[in-house]
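Enquirer: Sequence plus the predicted model coming up.
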There are 2 protein chains.
Amino acid sequence: MNENSAADKPDLGQIFRLFNEIGIVAQLSGAAFEKVMPGTMTLPQFTVLNHLVRLGDGRTPLEIARALQVSKGAMTNTLGHLERSGWIAVRPDDHDGRSKRVDLTDSGRAIHGKAIATVMGEMAWIGDIVQAHSVEQVLPVLETIRKALDARRS
Amino acid sequence: MNENSAADKPDLGQIFRLFNEIGIVAQLSGAAFEKVMPGTMTLPQFTVLNHLVRLGDGRTPLEIARALQVSKGAMTNTLGHLERSGWIAVRPDDHDGRSKRVDLTDSGRAIHGKAIATVMGEMAWIGDIVQAHSVEQVLPVLETIRKALDARRS
DNA sequence: ACTATATAGTTTGATGTCGAACTACATGTC
DNA sequence: GACATGTAGTTCGACATCAAACTATATAGT
């Protein structure tokens, strides 16, 4: 499904450059994010908070880890930091003794609101540099690649 | 220069999704890279070797760090690993007592050749998933963003 | 019910990143 | 030439990532 005609296959150098560019942009934007975030909040921590705010809390660590494409160990680490900061509360799952549930605290919702406002504000200048139709062309390509990489991992 | 007309500015949500997608693809592709690389070689280590092979060795650590957009400390760390693996040799700079020069060893060139062959081979399947004209649309957008992020840092 | 297997989460060790403090050397100013 | 400032590289501490080993619990097969 969705096989490419041979005539329009990108050459390997182009693909290499693509991943190279993606890696550098990810690194630079991550660093820029953390510079404007409130207090000690990091990008992974913000990403977890944002996930819980947008899709609802009460999820298990493993669900969050899978949604954000990180390992279980990485999630244990990030949730520990968030809990120590008082932004989330972790409780045992009533129906499964192995599992846990993650809830946002009021403090967590508040800091998320502050963070998202700051991030959106700092992101606005990108709108002066890339056009909407460029973003709309780029996003589906990246989604395709992400899904393929994700599928390939399994 | 290159200012956008207001009519074609992407909304903040789109920009947010863009960076989100870039971050996830970077993470997944980095993990996939390291899984196929020979021995203990990591992606940052490969990136340094690749830089030296393509643009010539004998460069200073700071030049390499700037070219690859990482901090001096990160470069010290990566060069240390490469040197312990015998893939590079570091010598003092004759004309500047503070500085050093980084050369590839024969072993380093050999492992790079092996690594690039493996990586290219493992990357070929992407060509079945994205079309060349998509890549050619995406690359300039990413380059624009990278340059802007880089400029903004200074 | 017992046993084997699968799943949820934690821990560990190696690697990476950053920024800031620190050392050593270079250069420009007076 | 001495001193102030700048630059190259290292070190440190905090955070992140992964994979693999480990614990505890759940479920499935017999």
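Expert: Structure's in. What do you need? For clarity, every value in this text was computed on a predicted model and none was experimentally measured.
Enquirer: rest of the way, CA atoms for contacts and neighbours
Expert: Will do.
Enquirer: now the strands for chain A?
Expert: A:88-92, A:100-104 (DSSP state E).
Enquirer: Out of these, flag the one nearest A:Leu55.
Expert: A:Leu55 sits nearest to strand A:100-104 of all the strands of chain A, at 11.7 Å, using CA to CA.
Enquirer: Can that closest one be said to contact DNA strand D?
Expert: No - shown here: strand A:100-104 not in contact with DNA strand D (CA under 7 Å from any atom of the strand), separated by at least 10.8 Å.
Enquirer: what's the angle between that strand and strand A:88-92?
Expert: Note on geometry: by axes from the mean of the first three to the mean of the last three CA atoms, to 10 degrees, strand A:100-104 and strand A:88-92 are set 150 degrees apart in direction.
Enquirer: what residues does strand A:100-104 touch?
Expert: By CA atoms under 8 Å, 6 or more residues apart in numbering or on different chains, the residues outside strand A:100-104 that reach it are A:49, A:52-53, A:57-61, A:87-93.
Enquirer: can you give me the helices in chain A?
Expert: Ranges of helices in chain A, per DSSP state H, are A:12-36, A:43-55, A:61-68, A:72-84, A:106-123, A:132-153.
Enquirer: so can I have a markdown table of the ones you listed showing mean neighbour count?
Expert: Formatted as a markdown table, the helices of chain A follow (neighbours: other CA atoms under 10 Å in any protein chain shown):
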| stretch | mean neighbour count |
| --- | --- |
| helix A:12-36 | 18 |
| helix A:43-55 | 17 |
| helix A:61-68 | 16 |
| helix A:72-84 | 16 |
| helix A:106-123 | 16 |
| helix A:132-153 | 16 |
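Enquirer: Give me the below-cutoff pLDDT ranges for chain A.
Expert: A:1-7, A:153-154 (pLDDT under 70).
Enquirer: Spell out for me which residue occupies the centre of chain A.
Expert: A:Thr47 (5.0 Å; CA atoms, centre = their mean).
Enquirer: Which of the contacts of strand A:100-104 sits closest to B:Phe33?
Expert: For those, the nearest to B:Phe33 is A:Pro61 (26.2 Å; CA to CA).
Enquirer: Mark which of the contacts of strand A:100-104 are buried, thanks.
Expert: A:49, A:52-53, A:57-61, A:87-90 (16 or more other CA atoms under 10 Å in any protein chain shown).
Enquirer: Which ones among those also lie next to DNA strand C?
Expert: Checking the buried ones among the contacts of strand A:100-104 against DNA strand C by CA under 7 Å from any atom of the strand, the ones in range are A:60-61.
Enquirer: Now the terminal residues of stretch A:54-62, how far apart.
Expert: 17 Å (CA to CA, to the nearest Å).
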